[in-house]
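Asker: my questions concern the predicted model and sequence given below.
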Amino acid sequence: MGKFLYGASVQGIQGFIFQTNKLKEIAGASELVEQICSRLFADALGKENFDNDPNAILTAAGNIKYIFDDGETARKLVKNFPRKVMEFAPGITISQGIVPLNGQELSYEHIEKLEAILRAQRNRVNRAGETGLLAAIRSRSTGLPAVSVKKRKNEKEYYDLSALRKIETIMPDKDSKTEKYGRLTESFFGKDSTFELPLDLEEMVRTKGSNYGWLAVIHADGNNMGLLLQKLAAEMVEKEGKYNARAFRDFSRAIDAATKSAAQKAYACFENQIGIEKKEYEKTFQEEKNGFPYKTPFRPIVLGGDDITIICRADLALKFTELFLKYFEQETQANFSSINYSSLKNGITACAGITFVKYSFPFHYAYDLAESLCSEAKKTAKDINPERTPSCLVFHKVQDSFVTDYNDIKQRELRVPGTGTNLNHGPYFLLEETSNGYKSISKLMEECSILGEEKGNPVKSHLRQWLTDIYTSEELARQKSKRMLNSPTLAGKLKKLGLTSPDSFYVQRQYPGSSESRKVTPVFDWLSIHSITEGGK
């Protein structure tokens with residue numbers, strides 16, 4: 001009968017995960033999404049796992065690609081799997097598609113055709129399964145019909161079916177006060193981790209101090225994936241005269257393994273620091289006679305394929321992202337070496353976006369902005385090198401209640417009216433200095449640490465005044481910079497920051513697609529990162 005390429009894509013992952021700001025529900029939703037493409041799909045096929053299954057091309061991060069040996073098995077799966085998904089994770093729907101191989105080997109064209117089908121399926125409206133009666137008692141946070149009531153701090157809390165399933169996924173014992181490690185958390189922390197997982201967002205920031213309140217949402221994504229697949233497909237045809245289905249499968253698995261390994265290695269670099277923090281934290285709270293156990297300030301949300309989304313304490317975000325981008329390049333290069341195609345020999349790079357927000361901020365907005373920041377990083381990096389996009393990141397500290405797309409934020413918050421001066425100096429690259437005056441991530445962290453050195457506060461306050469003066473007059477700001485440079489107490493620190501003349505406060509940068517160049521200053525970025533690192537002030 002011939003073989004068939006089956007594909008499925010989980011729809012509305014962001015809305016499902018960030019339906020509320022409760023960390024237990026966010027974490028439970030993430031674990032459910034992780035299990036849909038692995039354990040649940042394996043159960044639907046009567047398998048234990050896909051470790052030795054040559055037909056499993058991709059089963060991670062909300063995406064499935066699988067080759068069926070006959071149409072009847074594929075037909076039954078298409079008919080029954082959506083129901084299994086909706087029962088397993090209420091509120092989630094999936095798009096499905098099938099492409100007949102017609103006796104041919106799996107090709108890049110088959111994958112492209114399947115992706116087109118899945119895109120079309122995503123535009124079909126799915127019937128909501130949780131509307132309920134108008135007279136039903138509803139969850140106060142989601143508006144969906146409540147199925148369970150729990151007491152919390154002398155108040156009743158109503159849970160809809162989706163929220164209840166999310167919590168039960170990570171805390172199967174209803175009386176448990178400690179969250180269980182699942183597939184997602186084990187992939188990030190490792191199976192031997194002894195740190196307790198946070199149950200709410202406030203527990204993640206408490207480790208920094210009672211007055212600290214900043215979290216970071218990090219979203220990273222692999223670069224040039226489409227271009228790399230095209231090169232791989234062309235090399236297969238040139239080398240073997242046909243497409244190699246096994247190589248496509250090995251490619252997908254190698255990226256998934258590299259992403260998880262890079263995230264775990266990046267986190268491992270913090271374990272000693274977190275261990276020291278834990279001892280100091282427990283000593284402090286023991287003296288205050290408070291019984292709050294130390295919880296690790298990291299939380300994976302999406303981890304698989306070439307995507308990663310992490311929530312962590314804000315002061316750890318830049319270093320973690322730098323480490324992840326470095327290890328991702330190394331791990332993909334190492335994992336691709338066994339596939340034996342020259343187009344894969346250098347591995348792939350990734351870009352990231354970091355949103356800094358208060359822990360009470362609506363996290364679906366923070367995630368959307370992190371995605372937008374990641375896209376901004378990719379756009380600039382591709383202009384530098386479209387063939388091998390360099391790894392970099394863009395960040396933004398949210399200090400406004402009105403959050404929109406990053407392009408709107410740049411116009412509204414990060415461009416000085418009348419002068420055209422830009423306050424966003426990024427992206428910041430994994431490599432050292434690049435063209436157009438871009439900096440490396442390590443250089444940014446080094447410069448921000450200078451503001452935190454002893455007697456650094458005067459420099460910080462004067463730089464803040466300089467930023468204020470820009471909005472009044474460029475000439476006023478220039479006079480301010482001259483006074484700073486002539487001050488015996490400030491000149492040494494400013495020199496360490498690379499500020500030796502009024503002109504050095506800016507970089508003149510030519511933007512692609514624009515005939516004019518703009519002045520960009522790194523001062524705003526320094527102060528933003530310094531304030532987050534030193535306590536959020």
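Answerer: Thanks, I have it. Numbering: from 1, shown residues only.
Asker: can you name the helix or strand that Ser187 falls in?
Answerer: helix 183-189 (DSSP states H and E).
Asker: and the strands in the stretch 201-350 of the chain?
Answerer: 214-222, 298-304, 307-313, 350-358 (DSSP state E, counting those that start in this stretch).
Asker: can I get the lowest-mean-pLDDT helix or strand in the chain in CSV, CA atoms only?
Answerer: In the chain, no helix or strand scores lower on mean pLDDT, DSSP states H and E than strand 146-152, which sits at a mean of 75. What follows is strand 146-152, C-alpha atoms only, in CSV (Å, rounded to 0.1, in the frame of the first residue of the first chain):
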residue,chain,number,x,y,z
ALA,A,146,-15.1,25.0,37.7
VAL,A,147,-14.7,21.3,38.5
SER,A,148,-12.9,21.5,41.8
VAL,A,149,-12.8,23.8,44.8
LYS,A,150,-9.8,24.1,47.2
LYS,A,151,-9.3,26.3,50.2
ARG,A,152,-6.3,28.5,50.2
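Asker: just how off-centre is that strand within its chain?
Answerer: 32 Å (C-alpha atoms, centre = their mean, to the nearest Å).
Asker: in its sheet, what does it sit against?
Answerer: Here strand 146-152 has these sheet partners by DSSP bridges: strand 155-160 (antiparallel).
Asker: now do the strand it pairs with, average pLDDT.
Answerer: Model confidence over strand 155-160, given as mean pLDDT, is 79.
Asker: how many degrees apart are the helix or strand following that strand and strand 155-160 in direction?
Answerer: Helices and strands here follow DSSP H and E; after strand 155-160, the next one along the chain is helix 161-170. Going by axes from the mean of the first three to the mean of the last three C-alpha atoms, to 10 degrees, helix 161-170 is angled at 100 degrees with respect to strand 155-160.
Asker: list the helices and strands helix 161-170 packs on?
Answerer: Helix 161-170 is packed against helix 23-35, strand 146-152, with contacts defined by 3 or more C-beta pairs under 8 Å, 6 or more residues apart in numbering; DSSP states H and E. The way it works is simple: take the backbone N, C-alpha and C, and place the C-beta from them, glycine included.
Asker: what does the next helix or strand after the longest one contact?
Answerer: Looking back up the chat, that one is helix 23-35. Downstream of helix 23-35, the first helix or strand assigned by DSSP H and E is helix 41-44. Here helix 41-44 makes contact (C-beta atoms under 8 Å, 6 or more residues apart in numbering) with Ala8, Glu48, Asn49, Phe50, Thr59, Ile64, Tyr66, Leu77, Asn80, Phe81, Lys84.
Asker: again, only using 7 Å
Answerer: Residues outside helix 41-44 that contact it (C-beta atoms under 7 Å, 6 or more residues apart in numbering) are Glu48, Asn49, Phe50, Thr59, Ile64, Leu77, Asn80, Phe81, Lys84.
Asker: which of the helices and strands packed on helix 161-170 sits most buried?
Answerer: helix 23-35 (a mean of 24; mean count of other C-beta atoms under 10 Å).
Asker: can you give me how far that one is from the chain middle?
Answerer: The gap between the average C-alpha position of helix 23-35 and the chain average comes to 15 Å, counting by C-alpha atoms, centre = their mean.
Asker: tabulate the helices and strands packed on helix 161-170 (a markdown table), appending distance to Ile310.
Answerer: Shown next, in a markdown table, are these (distance: least, C-beta to C-beta, whole Å):
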| stretch | distance to Ile310 |
| --- | --- |
| helix 23-35 | 11 |
| strand 146-152 | 27 |
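Asker: quick one: closest of these to Glu112.
Answerer: helix 23-35 (24.7 Å; C-beta to C-beta).
Asker: quick check, central residue of this protein?
Answerer: His219 (1.7 Å; C-alpha atoms, centre = their mean).
Asker: what's the closest non-adjacent residue to that residue?
Answerer: For His219, ignoring the flanking residues on the chain, the nearest one in space by C-beta to C-beta, 6 or more residues apart in numbering is Ala370 at 3.9 Å.
Asker: can you tell me how far Pro198 sits from Ala116?
Answerer: According to C-beta to C-beta, to the nearest Å, Pro198 stands 41 Å off from Ala116.
Asker: of the two, which one has the most company?
Answerer: Pro198 (25 against 12; other C-beta atoms under 10 Å).
Asker: give me the buried entries from the contacts of helix 41-44.
Answerer: Phe50, Thr59, Ile64, Leu77, Phe81, Lys84 (16 or more other C-beta atoms under 10 Å).
Asker: what's the closest of those to Leu497?
Answerer: Thr59 (48.5 Å).
Asker: test my guess that the closest one contacts Phe50.
Answerer: Yes - between Thr59 and Phe50 a contact is recorded at 5.5 Å, counting by C-beta atoms under 7 Å.
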